[in-house]
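# A predicted structure for the sequence below; I have some questions about it.
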There are 2 protein chains.
Amino acid sequence: MTLIAETPEPPYVAVIFTSTRTEGDQGYAAMAARMHELALDQPGYLGIESAREDVGITVSYWADHDAARAWKQVAAHLVAQRRGREVWYRDYRVRVATVERDYGPS
Amino acid sequence: MTLIAETPEPPYVAVIFTSTRTEGDQGYAAMAARMHELALDQPGYLGIESAREDVGITVSYWADHDAARAWKQVAAHLVAQRRGREVWYRDYRVRVATVERDYGPS
């Protein structure tokens, strides 16, 4: 379960990961929980938001592009990415973006 | 229902809208469908992705910041934004970002 991430003042980096799943769990939920926990410990991690219906959208927030790139290269995450391509995801798109402004209701 | 948006080569703009809902529909689903349709007709619209579980995440993609700003100011959308603040959303965050790179499985 994720809520709205409490991110600092921009600029910071958003990695938007949109995916469609294959059928069945096949270890996916356990991996997702483990990757979420692992991300929390990475340098420059700012927060994560996630929801899935027809598509799954996970947005992770990072202090800068180096932090986002380092997370992509963490060994256990590389394994998950590979298994994602082979087993869990029908299709996906990763978009790396710089957040320039943000606002809420107040 | 949305799938993975077919966006062009970066750079382009992503507006990441994350929200938590109040209880009950209160006209929300109809508004969301209408806003989705309306967005399709806006200049510079590139695509949209949306999913909701504990949080709702809607990412709309735009050719540039002017296009994203123009959509924010469309009259019917302003009405929806106001009703969103008053009725539909417990909380929300809008993040405007420039997508600098993207990639998929292949």
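Now that the structure is in, tell me what you want to look at.
# Spell out which parts of chain A neighbour chain B.
A:1-5, A:7, A:10, A:14, A:16, A:18-20, A:49-57, A:59, A:85, A:89, A:91-105 (C-beta under 8 Å from any C-beta of the partner chain). Placement of C-beta: from N, CA and C, glycine included.
# go again using 7 Å as the cut-off
Within chain A, the positions lying close to chain B (C-beta under 7 Å from any C-beta of the partner chain) are A:1-4, A:14, A:16, A:18, A:20, A:49, A:51-57, A:59, A:85, A:89, A:91-105.
# Okay, and which of those residues map to strands?
Using DSSP state E, the members of the residues of chain A next to chain B that fall within strands are A:14, A:16, A:18, A:20, A:49, A:51-52, A:56-57, A:59, A:89, A:91-103.
# hang on, the earlier thing: now the buried members of the residues of chain A next to chain B.
A:2, A:4, A:14, A:16, A:18, A:49, A:51-52, A:55-57, A:59, A:89, A:92-99, A:102 (16 or more other C-beta atoms under 10 Å in any protein chain shown).
# which regions of chain A lie under the pLDDT threshold?
For chain A, applying pLDDT under 70 flags the ranges A:1.
# Determine the longest helix present in chain A.
In chain A, assigned by DSSP state H, the helix with the most residues is helix A:28-40.
# Report the inter-axis angle for that one versus strand A:89-103.
Using axes from the mean of the first three to the mean of the last three C-alpha atoms, to 10 degrees, the inter-axis angle of helix A:28-40 relative to strand A:89-103 is 40 degrees.
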